[in-house]
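J.: Provided below are the primary sequence and the corresponding predicted coordinates.
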2 protein chains.
Amino acid sequence: VSARIDDVEVTLGENLVTQLKIAEFPNSFAAEPCKVAVVGFGTVGSSVARILSQRGLETLQLRYICNRNLSKKNVAGIAKQVEWTENFEDILDSDVDVVVELIGGLHPAEDWVRRALKAGKSVVTANKQLIANRGPELTRLAQEHGQHIIFGASVAGGIPVISGLQEGLAGDRIVKLQGILNGTCNYILTRIENAGLSFEQALAEAQAKGFAEANAEEDIDGHDARAKLTILCRAALKCDILPEQIAAYSIAEIEQLDFEYAHDLGYTIRQVSTAELHNGGILARVQPSLVDKKSALARVTGSKNLLVASGEFGGDTEFSGFGAGGGPTAVAVVSDVVWLAMNRQRSACNNSTPVRCRDVSADFDSAAYVRFKVDDRPGIIAAIASCFAAHGINIDSIRQQKGHDKSCLPFVITLESCRSSILEKALKEIRSLDFLVAPPVSMPVIG
Amino acid sequence: VSARIDDVEVTLGENLVTQLKIAEFPNSFAAEPCKVAVVGFGTVGSSVARILSQRGLETLQLRYICNRNLSKKNVAGIAKQVEWTENFEDILDSDVDVVVELIGGLHPAEDWVRRALKAGKSVVTANKQLIANRGPELTRLAQEHGQHIIFGASVAGGIPVISGLQEGLAGDRIVKLQGILNGTCNYILTRIENAGLSFEQALAEAQAKGFAEANAEEDIDGHDARAKLTILCRAALKCDILPEQIAAYSIAEIEQLDFEYAHDLGYTIRQVSTAELHNGGILARVQPSLVDKKSALARVTGSKNLLVASGEFGGDTEFSGFGAGGGPTAVAVVSDVVWLAMNRQRSACNNSTPVRCRDVSADFDSAAYVRFKVDDRPGIIAAIASCFAAHGINIDSIRQQKGHDKSCLPFVITLESCRSSILEKALKEIRSLDFLVAPPVSMPVIG
């Protein structure tokens, strides 16, 4: 393969591009292409197989597709020479170089990934739970066996945040991450906001449209987002934490009226994931929050994702796009496979190892929004205000919309910046006041 | 270096992180760190030297700083063991592994870069003119000498677009790029828009604030942006073109009244760079354009940059942040140096080679905005409308603000989608009509 293409002038026929590009780098490609097995043939798996079959990436060859309960059929758009199997052992026994794990969850994914690495195969995975919970030990296992495990698709789907943080911004010291990492919650919140739906209606619509699983608790309660934030903390803040160290708050209490109050204040509401270096530890949380209407966070609508990385030297860099879906996630997976095809023979990993960190707190300093529903009578504001005052919390404003029933009257108090732990103590006392007809809903105000 | 840190638990002391991270990857780092020379000690150069000195990246060692007319002084924040020289030959004769070229322009940068590569040193550069005009041949020269030349900082400063396109989105087929690549023009346009300045006033302000060079023609006329677009076309569209193949239009004719008309239409005005694959060739241009007020392009204010990459499989991915300035550009440079420290011993480059493309056209199909200034009399609209009709161009709307002098009356005609080449023919005829007091200003309407 010694031909050079310096003088070849062509218009852009994709096939010709593909054929020629290999000639330029005689050292970079063995005669053998990188052989790939896709394990798990759902939405993402079938998109990955389709891209590998159609993109004409001659450095990559899709050899196996493994799926349980496979009705072995000739799926449109998949290369004919691909072998289909229901048995993962076939993959382990084969000569594939890279196993793409797309079955999700911890079982049997963890076991299969471990066995693939031990069998001398590198792994590409989109499995955020696996990486969030077992990432560092799987990386070590891969290194022990001279392999790689890469997981760019495990966070933010098609948006290349992991490579952007680890390589593109390697020269900076990232001190803070903030973003919208769960498209399901963002879809639900923007539908409550723009279509006037209740939370339950918006959730049902998201499920009907395929933006939310039948069991959407992982998304709603913030556990999905915090798994992703865990992975990002390791990649960008070089801090190894576990998902359960991050406080996560549900969006289920957010109502249409919260958006009305937020809009009045110049804000909207998003599920925001935040992590920042702080006094040798980390502050982190996933929480529905008021965000300035003009901010990048507010502009993320529907099922899109956004990540803002703040660097000590380079300031804020934003990555946004489709955080989920077969196509975008498959692009992230194939990008990782392309990287492996180039780098699998290297024993090194170009990431510095994150350091285990136990000091993870959600005790941010921030302004807050608290929405009450009360059985109206004289003295309510005085009682609540006294309680905040006793904890040294300053009230910024008190707002009450007209037209509500006095027996279930909503109003909002906004608070000046205070520590979350102190606000929580005050709210604990307030919750016991007998005029409340529902627990107060509190959210931080960002920006 | 066989220690492992699996069981070490520490809070995040940066020094400890730095010291420990090397232990984990015994194969990835030679005992010798990667030795770096910074050539050019202006805003970016001094930031690069500061980051290399302060970040504690033990895999990298800043050995030399080379600058002409150097008053050899101990600059604050630069490691003391660094050698300062005014003579580039000292760098060539030294044992440095990586030369960071930050002098800009073609001369002497091109000669120095060639000599560095031939001397067995890899090169990191932020020099967009050098890469736009000589990129492919310098890449070949680097390969011939077993070296690398990397240029992530040559486009969009601190925003990691090159690595994002080449690695993060490697699994997709990028078919279109659109963005705001020149912070100077964006600053000027947003100041005309928001502060009501004239173009000349906004330019003078940008120069006074350091956002524009004394000679800002490269920026204003779109030549800076098209050099960057050239580099992006190679990286993302795999299409090797030269800057002069891209049509570039000045922003100097844009007035406050254009923003008023644009706002009325629900748009604003930005200098937009676009390139897309089209019928085996490329459509590309840099042009002030009307962009939907709600679009990502419209939201880029001040000196920021944005790039939207559209992939066949993954849809739109956006990258945004600080496109210029010492800190962000230095982060991009150091990120490239970090990459080299990991990869310099590899002979391969993980980019496919772009294919030379001669079929570059600016003949987009798009709706258009045309602003006229006329010496008012009956029959003007009829004359202009007849001219558009003769070329098969449909008029969408005619708008005229009140309160202008009849001898220099501005009005705007918006046109339905038509080919730029046909619009240009119509405008050529219209320009000869004797009631015009200034040449018409036309801009595409995007979105």
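T.: Good, I have the coordinates.

J.: Low-confidence stretches in chain A?
T.: Applying pLDDT under 70 to chain A picks out residues A:1-31, A:71-74, A:346-352.

J.: In it, mark out all the helices, start to finish.
T.: With helices called from DSSP state H, chain A shows them at A:14-21, A:43-54, A:88-93, A:109-118, A:128-144, A:161-163, A:183-195, A:199-208, A:217-220, A:223-232, A:256-264, A:326-343, A:380-390, A:420-431.

J.: Give the buried residues for the third one.
T.: Residues of helix A:88-93 classed as buried by neighbour count (16 or more other C-beta atoms under 10 Å in any protein chain shown): A:Phe88, A:Ile91, A:Leu92. For every residue, glycine as well, the C-beta is placed using N, CA and C.

J.: Which strands and helices lie in contact with that helix?
T.: strand A:34-39, strand A:60-66, helix A:109-118 (3 or more C-beta pairs under 8 Å, 6 or more residues apart in numbering or on different chains; DSSP states H and E).

J.: and the shortest one, does that touch chain B?
T.: No: contact of strand A:34-39 with chain B is not found when judged by C-beta under 8 Å from any C-beta of the partner chain; the minimum separation is 11.8 Å.

J.: ok and that strand relative to strand A:60-66, angle-wise?
T.: On the basis of axes from the mean of the first three to the mean of the last three C-alpha atoms, to 10 degrees, strand A:34-39 is oriented at 30 degrees to strand A:60-66.

J.: Could you list the alpha-carbon positions for strand A:34-39 in CSV?
T.: Provided in CSV are the C-alpha atoms of strand A:34-39 (Å, rounded to 0.1, in the frame of the first residue of the first chain):
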residue,chain,number,x,y,z
CYS,A,34,-10.2,-4.0,13.0
LYS,A,35,-12.8,-6.7,13.5
VAL,A,36,-15.9,-5.7,15.5
ALA,A,37,-18.7,-7.6,17.3
VAL,A,38,-21.9,-5.7,18.2
VAL,A,39,-23.5,-7.2,21.3
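
J.: Number of residues surrounding the closest residue to A:Ala390 other than its chain neighbours?
T.: Among residues not flanking A:Ala390 along the chain, A:Ala426 sits closest, at 7.4 Å (C-beta to C-beta, 6 or more residues apart in numbering or on different chains). Residues near A:Ala426, counting by other C-beta atoms under 10 Å in any protein chain shown, number 22.

J.: Distance check, A:Ala426 against A:Arg419.
T.: 11 Å (C-beta to C-beta, to the nearest Å).

J.: wait, doesn't A:Gly315 sit right on B:Ile159?
T.: No: if you go by C-beta atoms under 8 Å, A:Gly315 and B:Ile159 don't touch, sitting 10.2 Å apart.

J.: Neighbour count for those two, which is higher?
T.: Neighbours per residue, other C-beta under 10 Å: of A:Gly315 and B:Ile159, the larger number sits with B:Ile159, 29 against 18.

J.: Please name the nearest non-neighbouring residue to the more buried one.
T.: Residue nearest to B:Ile159 in three dimensions, not counting chain neighbours: B:Gly321, with 4.3 Å by C-beta to C-beta, 6+ apart.

J.: thinking again about what came up before, quick check: the residue nearest to A:Ala390 vs A:Cys387, distance?
T.: Using C-beta to C-beta, we find A:Ala426 at a distance of 5 Å from A:Cys387.

J.: One more: A:Glu255?
T.: 23 Å.

J.: before we move on, what about A:Ile251?
T.: For A:Ile251, the distance to A:Cys387 equals 26 Å [C-beta to C-beta].

J.: Give me the more crowded residue out of these two.
T.: Neighbour comparison, A:Ile251 and A:Cys387: the larger count goes to A:Ile251, with 26 against 18 (by other C-beta under 10 Å).

J.: Quick check: closest non-adjacent residue to that one.
T.: A:Pro288 (4.7 Å).

J.: Next: A:Ala116.
T.: Distance criterion C-beta to C-beta, 6+ apart; nearest residue to A:Ala116, sequence neighbours excluded, is A:Val99 at 4.2 Å.

J.: No further questions, thank you.
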